[in-house]
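Engineer: My questions are about this predicted structure, shown below with the sequence.
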Amino acid sequence: PREGAITLIHARTGRLLAFAEVGSGVLTSARQPAASVFKLVTTTALLEQRVVSPKTEVCTAGGTHRIERRHLEPPRAGRVICSPFGLALGHSRNATYAQLATAHLSRDELADTARRFGFNQALPFDAKVPLGTLSIPYGDLDFARTAAGFSGSTLSPLGAAQLAFTVAAGGRRMRVRIVA
């Protein structure tokens, strides 16, 4: 590979066990798309709004590689898959996120959740590193694409590790440390 990075954080302490990069500045820049990792933010926003639970059944058709206008509502035809929302993240059900976000979240609610995770801010870290960037559009289709992780967000490798650590820490945004 021409560039890439890896991070490994101890889930209980936040101690950075390994961080390495190929290329220059990969670990400390937020230039890669957040992609499906952004679904952690959208999942949090949906659960906090109490509009869905892990048991809420959602039916979708398609949406594996892109979000189209038809994914914003429950399908009327096609190869329909119905499953609990609790499975959507692990199976990367993009259409589930598109449908639920446009029906139940406002732009401000998603932005607030992302801000609390640390988007558009520096990481609480030993060096100046951004977690990631987020720009949320106003149109419903573009909003759905952002909520599903297709566009509008970037993450640094250390930011992705911080996001996962925040989830592992029960939602508390704690400092990642190079040394104990």
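Structural biologist: Perfect, thanks for sending it. Numbers count the residues shown, from 1 in each chain.
Engineer: what about residue 91, neighbour count?
Structural biologist: Number of residues near residue 91 (other CB atoms under 10 Å) recorded here: 10. Every C-beta, even on glycine, is put in place using the N, C-alpha and C of the backbone.
Engineer: quick one: it is in a helix?
Structural biologist: No - if the criterion is DSSP: H, G, I helix; E, B strand; the rest coil, then residue 91 is coil and not within a helix.
Engineer: Residue 125: neighbouring residues, count only.
Structural biologist: Residues near residue 125, counting by other CB under 10 Å, number 21.
Engineer: Who are the contact partners of the residue nearest to it when sequence neighbours are not counted?
Structural biologist: Distances taken as CB to CB, 6 or more residues apart in numbering place residue 176 nearest to residue 125, at 5.6 Å, with adjacent residues excluded. Residues near residue 176 by CB atoms under 8 Å, 6 or more residues apart in numbering: 9, 14, 15, 16, 123, 124, 125, 158, 161, 162, 165.
Engineer: what about 6 Å?
Structural biologist: When contacts are counted by CB atoms under 6 Å, 6 or more residues apart in numbering, residue 176 touches 14, 16, 125, 162.
Engineer: does the second one sit in a helix, a strand or a coil?
Structural biologist: Going back to what we said before, that points to residue 16. Under three-state DSSP, the three-state class of residue 16 is strand.
Engineer: Can you give me every residue that contacts it?
Structural biologist: Counting by CB under 6 Å, 6+ apart, residue 16 makes contact with 9, 176, 178.
Engineer: Dig out what the first one forms beta bridges with.
Structural biologist: With DSSP bridges applied, residue 9 shows beta-bridge pairing to residue 16.
Engineer: does residue 133 sit in a helix, a strand or a coil?
Structural biologist: Secondary structure assignment for residue 133 (three-state DSSP): strand.
Engineer: tell me which element the closest residue to it other than its chain neighbours falls in.
Structural biologist: Among residues not flanking residue 133 along the chain, residue 154 sits closest, at 4.7 Å (CB to CB, 6+ apart). If you go by DSSP states H and E, residue 154 is part of strand 153-155.
Engineer: buried stuff in the helix or strand just after that strand?
Structural biologist: Sequence order places helix 157-168 as the next helix or strand after strand 153-155, per DSSP H and E. Using 16 or more other CB atoms under 10 Å as the test for burial, helix 157-168 gives 157, 158, 159, 160, 161, 162, 163, 165, 166.
Engineer: Return helix 157-168 as CSV; C-alpha atoms alone will do.
Structural biologist: As requested, the backbone C-alpha atoms of helix 157-168 are provided in CSV (Å, rounded to 0.1, in the frame of the first residue of the first chain):
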residue,chain,number,x,y,z
PRO,A,157,-7.3,6.6,12.2
LEU,A,158,-6.9,7.9,15.7
GLY,A,159,-10.3,9.4,15.5
ALA,A,160,-11.8,6.1,14.5
ALA,A,161,-10.1,4.5,17.5
GLN,A,162,-11.4,7.2,19.8
LEU,A,163,-14.9,6.7,18.5
ALA,A,164,-14.8,3.0,19.2
PHE,A,165,-13.2,3.6,22.6
THR,A,166,-16.1,6.0,23.4
VAL,A,167,-18.6,3.3,22.6
ALA,A,168,-16.6,0.7,24.6
